[in-house]
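Asks: quick check, what structure comes out for this input:
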Amino acid sequence: MTKKMKAVKRVVTGNDAQGKSIVCWDGDAPARHESAVPGRGVTDYWVWRQTPQPINSTEDASLWPDEFPGPSGGGHLRTVHWIANHDVEGEIPPLVTPHAPHISADGRSWDRGGGNNVTVSDMHKTESVDFGIVLEGERELVLDDYKTVIKPGDIVIQVGAWHLWDSSRIGCLMGFDMISAKFDEQGLGLQEVDVPVMLAKKDQTLPNGIKPQRRIITIDKEPGKSSLVADSFSPVVILDPARPGYALQRMWVIDSHPAKIVPETLQLPHVLVPPKTGTVLNVHNFPPDTNWKGSASIASAQEFYKGVDASQICTAGSIPNYPYSHKTSTVDFCLVTEGEICLILDTKEIVLKAGEIAVIRGSNHAWSNRTNAPAIVAISSHDAVSQ
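Replies: Model prediction:
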(Lines give C-alpha, C1' and ligand atoms only; values in the text may rest on other atoms or scores of the structure.)
Protein backbone atom coordinates (compact mmCIF):
# COMPACT_ATOMS: atom_id res chain seq x y z
CA MET A 1 0.00 0.00 0.00
CA THR A 2 1.20 3.55 -0.69
CA LYS A 3 0.98 6.60 1.52
CA LYS A 4 -1.12 8.39 -1.08
CA MET A 5 -4.72 7.24 -1.08
CA LYS A 6 -5.33 5.08 -4.13
CA ALA A 7 -7.65 6.14 -6.95
CA VAL A 8 -10.03 3.33 -7.95
CA LYS A 9 -11.68 2.98 -11.35
CA ARG A 10 -15.47 3.06 -11.31
CA VAL A 11 -17.85 2.48 -14.23
CA VAL A 12 -21.54 3.39 -13.99
CA THR A 13 -24.02 2.28 -16.63
CA GLY A 14 -27.51 3.40 -17.62
CA ASN A 15 -29.80 3.33 -20.65
CA ASP A 16 -30.31 5.74 -23.53
CA ALA A 17 -33.64 6.97 -24.91
CA GLN A 18 -33.92 3.84 -27.05
CA GLY A 19 -33.34 1.55 -24.06
CA LYS A 20 -29.81 0.60 -25.11
CA SER A 21 -27.26 0.11 -22.34
CA ILE A 22 -24.66 2.86 -22.17
CA VAL A 23 -21.79 4.10 -19.99
CA CYS A 24 -22.71 7.16 -17.91
CA TRP A 25 -19.47 7.58 -15.99
CA ASP A 26 -16.08 5.93 -16.47
CA GLY A 27 -12.90 6.85 -14.65
CA ASP A 28 -11.40 7.23 -11.21
CA ALA A 29 -14.18 7.39 -8.62
CA PRO A 30 -14.51 11.11 -7.81
CA ALA A 31 -15.76 10.90 -4.20
CA ARG A 32 -12.44 10.25 -2.46
CA HIS A 33 -12.25 11.44 1.13
CA GLU A 34 -8.76 11.26 2.59
CA SER A 35 -8.44 11.60 6.34
CA ALA A 36 -5.89 13.67 8.22
CA VAL A 37 -3.69 10.56 8.08
CA PRO A 38 -2.10 10.44 4.58
CA GLY A 39 -3.15 7.38 2.62
CA ARG A 40 -6.13 6.56 4.82
CA GLY A 41 -9.76 7.38 4.04
CA VAL A 42 -12.87 6.26 2.14
CA THR A 43 -14.13 6.41 -1.42
CA ASP A 44 -17.87 6.46 -2.08
CA TYR A 45 -19.08 4.73 -5.25
CA TRP A 46 -22.83 4.93 -4.81
CA VAL A 47 -25.26 6.24 -2.18
CA TRP A 48 -29.00 5.67 -1.94
CA ARG A 49 -31.55 7.28 0.38
CA GLN A 50 -34.59 5.14 -0.37
CA THR A 51 -35.39 1.48 -0.93
CA PRO A 52 -35.98 0.38 -3.66
CA GLN A 53 -33.40 2.79 -5.01
CA PRO A 54 -33.88 4.72 -8.26
CA ILE A 55 -32.54 3.02 -11.34
CA ASN A 56 -32.41 5.94 -13.77
CA SER A 57 -31.23 9.01 -11.87
CA THR A 58 -29.13 11.45 -13.89
CA GLU A 59 -27.11 12.43 -10.82
CA ASP A 60 -23.84 10.82 -9.80
CA ALA A 61 -25.04 9.44 -6.47
CA SER A 62 -21.49 8.91 -5.23
CA LEU A 63 -21.34 12.69 -4.73
CA TRP A 64 -24.43 12.86 -2.52
CA PRO A 65 -23.85 13.85 1.11
CA ASP A 66 -23.07 10.64 2.95
CA GLU A 67 -22.52 9.54 6.48
CA PHE A 68 -21.52 6.44 8.40
CA PRO A 69 -23.17 3.93 8.13
CA GLY A 70 -25.09 5.36 5.14
CA PRO A 71 -28.58 6.87 4.87
CA SER A 72 -31.12 5.18 7.15
CA GLY A 73 -33.53 4.60 4.26
CA GLY A 74 -30.92 3.05 2.00
CA GLY A 75 -27.19 2.57 2.23
CA HIS A 76 -23.95 3.03 0.36
CA LEU A 77 -21.12 1.29 -1.48
CA ARG A 78 -17.65 2.45 -0.52
CA THR A 79 -14.10 1.29 -0.09
CA VAL A 80 -12.00 1.94 2.98
CA HIS A 81 -8.29 2.58 2.53
CA TRP A 82 -6.34 1.67 5.66
CA ILE A 83 -2.59 1.83 5.96
CA ALA A 84 -0.04 -0.31 7.78
CA ASN A 85 2.02 0.78 10.77
CA HIS A 86 5.10 1.22 8.58
CA ASP A 87 3.21 3.75 6.41
CA VAL A 88 2.24 6.02 9.30
CA GLU A 89 4.10 9.32 9.34
CA GLY A 90 5.28 10.07 12.86
CA GLU A 91 4.35 8.33 16.07
CA ILE A 92 1.43 5.90 16.18
CA PRO A 93 -1.07 6.92 18.89
CA PRO A 94 -1.60 4.42 21.73
CA LEU A 95 -4.68 2.23 21.63
CA VAL A 96 -7.79 3.69 23.20
CA THR A 97 -8.78 1.98 26.43
CA PRO A 98 -11.97 -0.08 26.04
CA HIS A 99 -14.98 1.67 27.52
CA ALA A 100 -18.75 1.37 27.82
CA PRO A 101 -20.56 1.80 24.49
CA HIS A 102 -20.84 5.35 23.17
CA ILE A 103 -23.65 6.04 20.72
CA SER A 104 -23.27 8.40 17.76
CA ALA A 105 -25.32 11.56 17.38
CA ASP A 106 -27.58 9.95 14.77
CA GLY A 107 -28.18 6.91 17.00
CA ARG A 108 -27.07 4.40 14.36
CA SER A 109 -23.54 3.45 15.38
CA TRP A 110 -21.76 2.61 18.63
CA ASP A 111 -18.15 2.24 19.73
CA ARG A 112 -16.42 0.97 22.86
CA GLY A 113 -12.79 1.90 22.27
CA GLY A 114 -9.98 -0.57 21.85
CA GLY A 115 -8.45 1.00 18.72
CA ASN A 116 -6.52 4.08 17.71
CA ASN A 117 -8.26 5.11 14.46
CA VAL A 118 -4.95 5.03 12.53
CA THR A 119 -4.29 1.37 11.69
CA VAL A 120 -6.71 -0.25 14.14
CA SER A 121 -10.39 0.69 14.34
CA ASP A 122 -12.48 1.02 17.47
CA MET A 123 -14.61 -1.93 18.48
CA HIS A 124 -17.86 -0.76 16.93
CA LYS A 125 -21.21 -1.76 15.47
CA THR A 126 -23.68 -0.15 13.08
CA GLU A 127 -27.40 -0.44 12.49
CA SER A 128 -26.81 -2.13 9.17
CA VAL A 129 -26.05 -5.38 7.40
CA ASP A 130 -22.68 -5.07 5.70
CA PHE A 131 -21.00 -7.03 2.94
CA GLY A 132 -17.26 -6.52 3.45
CA ILE A 133 -15.15 -7.62 0.46
CA VAL A 134 -11.34 -7.50 0.57
CA LEU A 135 -9.81 -6.17 -2.66
CA GLU A 136 -6.15 -5.67 -1.71
CA GLY A 137 -3.86 -6.36 1.23
CA GLU A 138 -5.24 -8.01 4.34
CA ARG A 139 -7.15 -7.19 7.50
CA GLU A 140 -7.64 -8.89 10.82
CA LEU A 141 -11.26 -9.19 11.91
CA VAL A 142 -11.67 -9.21 15.69
CA LEU A 143 -14.92 -10.28 17.38
CA ASP A 144 -15.60 -10.85 21.05
CA ASP A 145 -15.22 -14.60 20.58
CA TYR A 146 -13.09 -14.95 17.44
CA LYS A 147 -10.38 -13.39 15.30
CA THR A 148 -9.13 -14.18 11.82
CA VAL A 149 -7.13 -12.66 8.97
CA ILE A 150 -9.06 -11.94 5.77
CA LYS A 151 -7.42 -11.66 2.36
CA PRO A 152 -8.41 -10.62 -1.18
CA GLY A 153 -11.68 -12.23 -2.23
CA ASP A 154 -12.78 -13.11 1.31
CA ILE A 155 -16.23 -11.80 2.24
CA VAL A 156 -17.43 -10.86 5.72
CA ILE A 157 -21.17 -10.53 6.31
CA GLN A 158 -21.58 -8.32 9.37
CA VAL A 159 -25.15 -8.67 10.61
CA GLY A 160 -25.20 -5.70 12.99
CA ALA A 161 -22.38 -7.19 15.06
CA TRP A 162 -19.66 -5.65 17.23
CA HIS A 163 -16.28 -5.88 15.49
CA LEU A 164 -12.82 -4.35 15.22
CA TRP A 165 -10.55 -4.09 12.17
CA ASP A 166 -6.74 -4.32 12.40
CA SER A 167 -4.83 -3.32 9.27
CA SER A 168 -1.51 -2.65 10.99
CA ARG A 169 0.58 -5.31 9.23
CA ILE A 170 0.25 -4.46 5.53
CA GLY A 171 -2.86 -2.28 5.13
CA CYS A 172 -5.88 -2.96 2.95
CA LEU A 173 -8.39 -1.80 0.39
CA MET A 174 -11.79 -3.21 1.33
CA GLY A 175 -15.22 -2.69 -0.21
CA PHE A 176 -18.35 -2.30 1.92
CA ASP A 177 -21.93 -2.53 0.73
CA MET A 178 -23.75 -1.24 3.83
CA ILE A 179 -27.53 -1.75 3.90
CA SER A 180 -29.74 -0.13 6.53
CA ALA A 181 -31.27 -2.37 9.19
CA LYS A 182 -33.50 -1.80 12.22
CA PHE A 183 -32.46 -2.90 15.68
CA ASP A 184 -34.77 -4.07 18.46
CA GLU A 185 -36.53 -1.60 20.76
CA GLN A 186 -33.58 -1.59 23.18
CA GLY A 187 -31.20 -0.77 20.34
CA LEU A 188 -29.05 -3.82 21.06
CA GLY A 189 -29.23 -5.28 17.57
CA LEU A 190 -29.49 -8.88 18.72
CA GLN A 191 -30.22 -11.90 16.56
CA GLU A 192 -33.95 -11.90 15.89
CA VAL A 193 -34.60 -15.57 15.11
CA ASP A 194 -32.63 -18.80 15.17
CA VAL A 195 -32.14 -20.07 11.62
CA PRO A 196 -30.03 -23.16 10.85
CA VAL A 197 -26.71 -22.16 9.35
CA MET A 198 -25.77 -23.70 6.02
CA LEU A 199 -22.16 -24.85 5.73
CA ALA A 200 -20.17 -26.26 2.85
CA LYS A 201 -19.77 -30.01 3.00
CA LYS A 202 -16.42 -31.11 4.43
CA ASP A 203 -15.77 -33.20 1.33
CA GLN A 204 -16.78 -30.41 -1.05
CA THR A 205 -14.89 -30.59 -4.33
CA LEU A 206 -15.17 -28.10 -7.15
CA PRO A 207 -14.14 -28.39 -10.81
CA ASN A 208 -10.66 -27.28 -11.82
CA GLY A 209 -10.25 -23.51 -11.91
CA ILE A 210 -12.97 -22.79 -9.34
CA LYS A 211 -11.95 -21.67 -5.87
CA PRO A 212 -14.28 -22.19 -2.91
CA GLN A 213 -15.60 -18.79 -1.80
CA ARG A 214 -14.93 -17.93 1.84
CA ARG A 215 -17.98 -16.61 3.75
CA ILE A 216 -17.66 -15.24 7.29
CA ILE A 217 -20.89 -14.39 9.13
CA THR A 218 -21.05 -12.44 12.41
CA ILE A 219 -23.93 -11.47 14.69
CA ASP A 220 -24.69 -10.48 18.31
CA LYS A 221 -26.52 -13.19 20.22
CA GLU A 222 -26.27 -11.48 23.60
CA PRO A 223 -25.97 -7.80 24.61
CA GLY A 224 -22.58 -6.26 23.96
CA LYS A 225 -20.93 -9.38 22.59
CA SER A 226 -20.34 -10.41 18.99
CA SER A 227 -20.27 -14.02 17.90
CA LEU A 228 -19.00 -15.92 14.91
CA VAL A 229 -21.83 -17.64 13.07
CA ALA A 230 -19.68 -19.32 10.42
CA ASP A 231 -16.27 -19.14 8.79
CA SER A 232 -16.60 -21.57 5.92
CA PHE A 233 -17.17 -21.63 2.19
CA SER A 234 -20.33 -20.95 0.23
CA PRO A 235 -22.60 -23.96 0.73
CA VAL A 236 -24.45 -23.39 -2.56
CA VAL A 237 -22.41 -23.60 -5.75
CA ILE A 238 -24.24 -23.48 -9.08
CA LEU A 239 -22.43 -24.69 -12.19
CA ASP A 240 -23.29 -24.47 -15.88
CA PRO A 241 -22.50 -27.55 -17.99
CA ALA A 242 -22.28 -25.39 -21.12
CA ARG A 243 -19.59 -23.19 -19.58
CA PRO A 244 -16.82 -25.33 -18.03
CA GLY A 245 -15.15 -23.36 -15.25
CA TYR A 246 -18.14 -21.13 -14.52
CA ALA A 247 -19.54 -21.08 -10.99
CA LEU A 248 -22.05 -18.98 -9.09
CA GLN A 249 -21.45 -19.17 -5.33
CA ARG A 250 -24.32 -17.85 -3.23
CA MET A 251 -23.47 -15.64 -0.26
CA TRP A 252 -26.49 -13.82 1.24
CA VAL A 253 -30.08 -12.71 0.64
CA ILE A 254 -31.88 -9.72 2.14
CA ASP A 255 -35.65 -10.10 1.75
CA SER A 256 -36.97 -6.98 3.45
CA HIS A 257 -36.30 -3.35 4.22
CA PRO A 258 -34.90 -2.62 6.73
CA ALA A 259 -32.65 -5.69 6.61
CA LYS A 260 -33.23 -8.38 9.23
CA ILE A 261 -30.73 -9.40 11.90
CA VAL A 262 -30.60 -13.13 11.22
CA PRO A 263 -27.76 -15.69 11.10
CA GLU A 264 -28.58 -17.26 7.72
CA THR A 265 -30.53 -16.43 4.57
CA LEU A 266 -29.54 -18.95 1.90
CA GLN A 267 -32.62 -21.02 2.71
CA LEU A 268 -34.46 -18.34 0.71
CA PRO A 269 -34.97 -19.16 -2.98
CA HIS A 270 -33.70 -15.91 -4.53
CA VAL A 271 -30.53 -16.37 -6.58
CA LEU A 272 -30.04 -13.75 -9.31
CA VAL A 273 -33.21 -11.73 -8.83
CA PRO A 274 -33.62 -10.11 -5.40
CA PRO A 275 -36.97 -10.02 -3.62
CA LYS A 276 -38.92 -6.76 -3.48
CA THR A 277 -36.89 -4.17 -1.49
CA GLY A 278 -34.20 -6.82 -1.11
CA THR A 279 -30.69 -7.74 -2.19
CA VAL A 280 -28.78 -10.83 -3.31
CA LEU A 281 -25.03 -11.26 -3.05
CA ASN A 282 -23.28 -13.80 -5.27
CA VAL A 283 -19.72 -14.46 -6.37
CA HIS A 284 -19.22 -15.40 -10.02
CA ASN A 285 -16.22 -17.30 -11.36
CA PHE A 286 -15.96 -16.46 -15.06
CA PRO A 287 -13.69 -18.82 -17.01
CA PRO A 288 -11.81 -17.75 -20.14
CA ASP A 289 -14.17 -17.38 -23.07
CA THR A 290 -12.21 -20.07 -24.88
CA ASN A 291 -13.63 -22.59 -22.39
CA TRP A 292 -17.16 -22.19 -23.74
CA LYS A 293 -17.22 -20.27 -27.02
CA GLY A 294 -18.47 -22.57 -29.71
CA SER A 295 -20.31 -24.81 -27.27
CA ALA A 296 -22.60 -22.46 -25.32
CA SER A 297 -25.64 -21.20 -27.19
CA ILE A 298 -28.78 -19.12 -26.77
CA ALA A 299 -30.59 -22.30 -25.75
CA SER A 300 -27.99 -23.16 -23.09
CA ALA A 301 -28.14 -19.61 -21.73
CA GLN A 302 -31.93 -19.80 -21.53
CA GLU A 303 -31.63 -23.12 -19.72
CA PHE A 304 -29.18 -21.66 -17.20
CA TYR A 305 -31.42 -18.71 -16.33
CA LYS A 306 -34.43 -21.01 -16.09
CA GLY A 307 -32.49 -23.18 -13.64
CA VAL A 308 -32.01 -20.25 -11.24
CA ASP A 309 -35.63 -19.07 -11.63
CA ALA A 310 -34.57 -16.01 -13.60
CA SER A 311 -35.93 -16.59 -17.11
CA GLN A 312 -37.43 -13.10 -17.05
CA ILE A 313 -34.00 -11.42 -17.07
CA CYS A 314 -32.51 -13.45 -19.93
CA THR A 315 -31.87 -11.43 -23.09
CA ALA A 316 -29.97 -14.16 -24.94
CA GLY A 317 -29.35 -13.13 -28.55
CA SER A 318 -29.48 -9.38 -27.92
CA ILE A 319 -25.68 -9.04 -27.90
CA PRO A 320 -24.02 -10.94 -30.76
CA ASN A 321 -21.63 -13.72 -29.66
CA TYR A 322 -22.55 -13.34 -25.96
CA PRO A 323 -25.61 -15.51 -25.27
CA TYR A 324 -25.55 -15.02 -21.48
CA SER A 325 -26.67 -11.40 -21.62
CA HIS A 326 -29.33 -10.28 -19.19
CA LYS A 327 -31.17 -7.22 -17.92
CA THR A 328 -32.66 -6.74 -14.46
CA SER A 329 -34.62 -4.07 -12.60
CA THR A 330 -31.77 -3.75 -10.16
CA VAL A 331 -28.74 -1.68 -9.31
CA ASP A 332 -25.78 -4.08 -9.25
CA PHE A 333 -22.52 -3.40 -7.44
CA CYS A 334 -19.80 -5.43 -9.18
CA LEU A 335 -16.41 -5.72 -7.45
CA VAL A 336 -13.66 -7.53 -9.35
CA THR A 337 -11.61 -9.46 -6.80
CA GLU A 338 -9.37 -11.43 -9.16
CA GLY A 339 -8.32 -11.36 -12.79
CA GLU A 340 -9.64 -9.20 -15.62
CA ILE A 341 -13.13 -9.10 -17.13
CA CYS A 342 -14.81 -7.17 -19.93
CA LEU A 343 -18.26 -5.70 -19.35
CA ILE A 344 -20.20 -5.90 -22.63
CA LEU A 345 -23.02 -3.37 -23.13
CA ASP A 346 -25.22 -2.71 -26.14
CA THR A 347 -23.07 0.25 -27.12
CA LYS A 348 -19.66 -0.22 -25.54
CA GLU A 349 -17.16 -2.61 -23.93
CA ILE A 350 -15.19 -1.76 -20.78
CA VAL A 351 -12.31 -3.71 -19.27
CA LEU A 352 -12.27 -4.05 -15.48
CA LYS A 353 -9.31 -5.36 -13.52
CA ALA A 354 -8.96 -6.69 -9.97
CA GLY A 355 -9.85 -3.96 -7.48
CA GLU A 356 -12.08 -2.04 -9.91
CA ILE A 357 -15.83 -1.53 -9.59
CA ALA A 358 -18.89 -1.26 -11.83
CA VAL A 359 -22.36 0.01 -10.90
CA ILE A 360 -24.84 -1.47 -13.39
CA ARG A 361 -28.22 0.27 -13.36
CA GLY A 362 -30.85 -1.80 -15.14
CA SER A 363 -28.65 -2.21 -18.20
CA ASN A 364 -28.53 -5.06 -20.68
CA HIS A 365 -25.08 -6.60 -20.37
CA ALA A 366 -22.86 -9.65 -20.60
CA TRP A 367 -19.44 -10.59 -19.26
CA SER A 368 -16.43 -11.65 -21.34
CA ASN A 369 -13.16 -13.07 -20.05
CA ARG A 370 -10.61 -12.69 -22.83
CA THR A 371 -7.64 -13.75 -20.71
CA ASN A 372 -6.23 -17.18 -19.99
CA ALA A 373 -7.12 -17.18 -16.29
CA PRO A 374 -10.39 -17.07 -14.33
CA ALA A 375 -11.94 -13.74 -13.35
CA ILE A 376 -13.87 -13.48 -10.08
CA VAL A 377 -16.56 -10.84 -9.56
CA ALA A 378 -18.64 -10.31 -6.41
CA ILE A 379 -22.04 -8.91 -7.43
CA SER A 380 -24.57 -7.42 -5.02
CA SER A 381 -27.91 -6.85 -6.76
CA HIS A 382 -30.35 -4.39 -5.16
CA ASP A 383 -34.03 -4.07 -6.05
CA ALA A 384 -34.62 -0.80 -7.90
CA VAL A 385 -37.37 1.17 -9.61
CA SER A 386 -37.58 3.64 -12.49
CA GLN A 387 -38.57 7.17 -11.54
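
Asks: name the nearest residue to V197, sequence neighbours excluded.
Replies: Spatial nearest neighbour of V197, chain neighbours left out: E264 (4.8 Å); criterion: C-beta to C-beta, 6 or more residues apart in numbering. To be clear about C-beta, it is placed using only N, CA and C from the backbone, and glycine gets the same treatment.

Asks: which ones are touching that neighbour?
Replies: Remark: with contacts taken as C-beta atoms under 8 Å, 6 or more residues apart in numbering, E264 is in contact with V195, P196, V197, M198, I217, V229.

Asks: same check on S363?
Replies: For S363, the residues meeting the contact criterion (C-beta under 8 Å, 6+ apart) are T13, G14, N15, S21, I22, K327, L345, D346.

Asks: mark which of these are buried, thanks.
Replies: Among these, those classed as buried by neighbour count (16 or more other C-beta atoms under 10 Å) are T13, G14, N15, S21, K327, L345, D346.

Asks: and L164, how many neighbours?
Replies: A total of 21 residues lie near L164 under the criterion other C-beta atoms under 10 Å.

Asks: quick check: it touching H124?
Replies: Yes: counting by C-beta atoms under 8 Å, L164 sits close enough to H124 to count as a contact (7.3 Å).

Asks: okay, Q387: pLDDT?
Replies: At Q387, the predicted lDDT confidence score is 79.

Asks: same question but for T2, I mixed them up
Replies: Taken from the predicted model, the pLDDT recorded for T2 is 47.

Asks: P69: neighbour count?
Replies: 25.

Asks: skipping adjacent residues, who's closest to it in space?
Replies: T126 (3.8 Å).

Asks: re the thing from before, in the buried ones among the contacts of S363, find the pair that's most separated.
Replies: Of all pairs drawn from the buried ones among the contacts of S363, the widest gap by C-beta to C-beta lies between G14 and K327 and measures 12.2 Å.

Asks: now do the shared contacts for the two.
Replies: Residues touching both G14 and K327 comprise S21, G362, S363, with contact defined as C-beta under 8 Å, 6+ apart.

Asks: where along the stretch 151-300 of the chain do the helices fall?
Replies: Ranges of helices within the stretch 151-300 of the chain are 298-307, based on DSSP state H, counting those that start in this stretch.

Asks: quick one: contacts for G224?
Replies: For G224, counting by C-beta under 8 Å, 6+ apart, the contacting residues are P101, R112, W162, L188.

Asks: any idea how far the second one is from L268?
Replies: According to C-beta to C-beta, to the nearest Å, R112 and L268 sit 33 Å apart.

Asks: now the last one
Replies: The span separating L188 from L268 equals 25 Å under the rule C-beta to C-beta.

Asks: equivalent analysis for the third one, please.
Replies: Taking C-beta to C-beta as the measure, W162 and L268 are separated by 26 Å.

Asks: ok, those two, which is more surrounded?
Replies: In terms of neighbours (other C-beta under 10 Å), W162 is the more surrounded of W162 and L268; the figures are 25 against 16.

Asks: for the closest residue to that one other than its chain neighbours, grab the count of nearby residues.
Replies: Closest residue to W162 in three dimensions, ignoring its sequence neighbours and counting by C-beta to C-beta, 6+ apart: S226, at 3.9 Å. Each residue near S226 was counted by other C-beta under 10 Å, and the total is 26.

Asks: might one say that S226 is in contact with V142?
Replies: No: because the distance of 9.0 Å does not satisfy C-beta under 8 Å, S226 is recorded as not touching V142.

Asks: overlap in contacts of these two?
Replies: Taking C-beta under 8 Å, 6+ apart as the criterion, S226 and V142 both touch H163.

Asks: pLDDT weak spots in the chain?
Replies: Per-residue confidence for the chain (pLDDT under 70) gives these ranges: 1-2.

Asks: so which of the contacts of G224 is surrounded by the most neighbours?
Replies: Highest count within the contacts of G224 by other C-beta under 10 Å belongs to W162, 25 neighbours.

Asks: reformat the contacts of S363 as JSON lines; add secondary structure and distance to R49.
Replies: Shown next, in JSON lines, are the contacts of S363 (DSSP: H, G, I helix; E, B strand; the rest coil; distance: C-beta to C-beta, whole Å):
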{"residue": "T13", "secondary structure": "strand", "distance to R49": "21"}
{"residue": "G14", "secondary structure": "strand", "distance to R49": "19"}
{"residue": "N15", "secondary structure": "strand", "distance to R49": "22"}
{"residue": "S21", "secondary structure": "strand", "distance to R49": "25"}
{"residue": "I22", "secondary structure": "strand", "distance to R49": "24"}
{"residue": "K327", "secondary structure": "coil", "distance to R49": "25"}
{"residue": "L345", "secondary structure": "strand", "distance to R49": "27"}
{"residue": "D346", "secondary structure": "coil", "distance to R49": "29"}
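
Asks: how about these in TSV, adding distance to A296?
Replies: Formatted as TSV, these follow (distance: C-beta to C-beta, whole Å):
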residue	distance to A296
T13	23
G14	28
N15	26
S21	21
I22	26
K327	19
L345	20
D346	20
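
Asks: any chance you could map the strands in the stretch 251-387 of the chain?
Replies: Secondary structure of the stretch 251-387 of the chain (DSSP state E, counting those that start in this stretch): strands located at 279-286, 330-338, 340-345, 349-353, 357-361, 365-368, 375-385.

Asks: nothing else from me, thank you.
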